[in-house]
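Engineer: quick one: sequence plus predicted model below, questions after.
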Amino acid sequence: PTKTFFRRVSFDKVEFGGSLSIDSTLSGVDARRFSEFLTPSRVVAAAWDPKMIETLPRSNGEERFRLKQEPFNFAGVVEVETTVDVKVVSSGTALELSSRDIACMATVGLEPPQRLDLEIKLDGALRPQEGRIARLKGSFEFTTGGRLFGPLLFVPDPVLSAAATAVNTGILRYARDRFVSGIVDDFNKWNSRAGSPP
């Protein structure tokens, strides 16, 4: 199930986001082999477009990635392009993901792009379940908060809310649909190479 929200905190600031729960039984997939397969880089590659992922140097034993997003139009007024740095840590029983830094550029009409005052909080965890058949449980939450500028200050709340809901739904649907199908496809390719190291 997915949940989304939008709220206008003040005249020039909004917050929106959503959450996603994953509970999938992977038919025909061996649980032990699947646990071996789940590494930070493979999970990120399954959840995001590989062409939009940059692997960053490790820091304090943490694996770090920069995730880029295709530019999108917000409320029919602003073209937005973002990148977010995330860390992925394996705790033995789960893979935990959280955001670190974000860069966001916004363009209005023909004006030069400008850095947007935006914050993104991203948290997630994946836990392979023990048993004969692989089962994956997890959650993903994100909150975006930023200050409105220029013409966005005068866009009515219902229009802002609809734009935020479209962004929320698109991110969550992409993560859900691509992740579940992508991680099984990637696992099957890896598993078909008998004797390949995890």
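Structural biologist: Everything's here; your move.
Engineer: next up, the contacts around residue 158.
Structural biologist: With contact set as C-beta atoms under 8 Å, 6 or more residues apart in numbering, residue 158 has no partners. For glycine as for every other residue, the C-beta is placed from the backbone atoms N, C-alpha and C.
Engineer: ok, which stretches of the protein are strands?
Structural biologist: For the chain, applying DSSP state E gives strands covering 2-10, 13-30, 53-59, 62-68, 72-74, 78-90, 95-107, 114-115, 118-129, 133-147.
Engineer: just how off-centre is the second one within its chain?
Structural biologist: Going back to what we said before, that points to strand 13-30. Its chain's C-alpha centre and that of strand 13-30 lie 10 Å apart, by C-alpha atoms, centre = their mean, to the nearest Å.
Engineer: can you give me the buried ones in the lengthiest helix in the chain?
Structural biologist: Longest helix in the chain, counting residues (DSSP state H): helix 157-192. For helix 157-192, a neighbour-count test (16 or more other C-beta atoms under 10 Å) marks 160-161, 163-164, 167-168, 171-172, 175-176, 179-180, 182-184, 186-187, 190 as buried.
Engineer: do I have it right that residue 71 meets residue 104?
Structural biologist: No: in this structure residue 71 lies outside contact range of residue 104 using C-beta atoms under 8 Å: 10.8 Å.
Engineer: so who does the residue sitting nearest the centre point of the chain touch?
Structural biologist: Centrality entry for the chain: nearest residue to the mean C-alpha point is residue 175, 6.3 Å, by C-alpha atoms, centre = their mean. Residues near residue 175 by C-beta under 8 Å, 6+ apart: 20, 47, 140.
Engineer: again, but for residue 168
Structural biologist: 4, 5, 6, 16, 17, 18.
Engineer: what is the burial count for residue 35?
Structural biologist: 15 (other C-beta atoms under 10 Å).
Engineer: find the nearest non-adjacent residue to it, please.
Structural biologist: residue 128 (4.7 Å; C-beta to C-beta, 6 or more residues apart in numbering).
Engineer: what of residue 27?
Structural biologist: Residue 27 sits nearest to residue 133 (C-beta to C-beta, 6+ apart), 7.2 Å away.
Engineer: what's opposite that neighbour in the beta bridge?
Structural biologist: residue 30 (DSSP bridges).
Engineer: does it touch residue 24 like I think?
Structural biologist: No: with contact defined as C-beta under 8 Å, residue 133 does not reach residue 24; the gap is 10.9 Å.
Engineer: pLDDT weak spots in the chain?
Structural biologist: Scanning the chain for pLDDT under 70 picks out the ranges 1, 92-93, 130-131, 194-198.
Engineer: can you rerun that using 50?
Structural biologist: Counting by pLDDT under 50, the ranges of the chain that qualify are 196-198.
Engineer: do you know how far the residue nearest to residue 27 is from residue 176?
Structural biologist: Distance, residue 133 to residue 176, by C-beta to C-beta, to the nearest Å: 20 Å.
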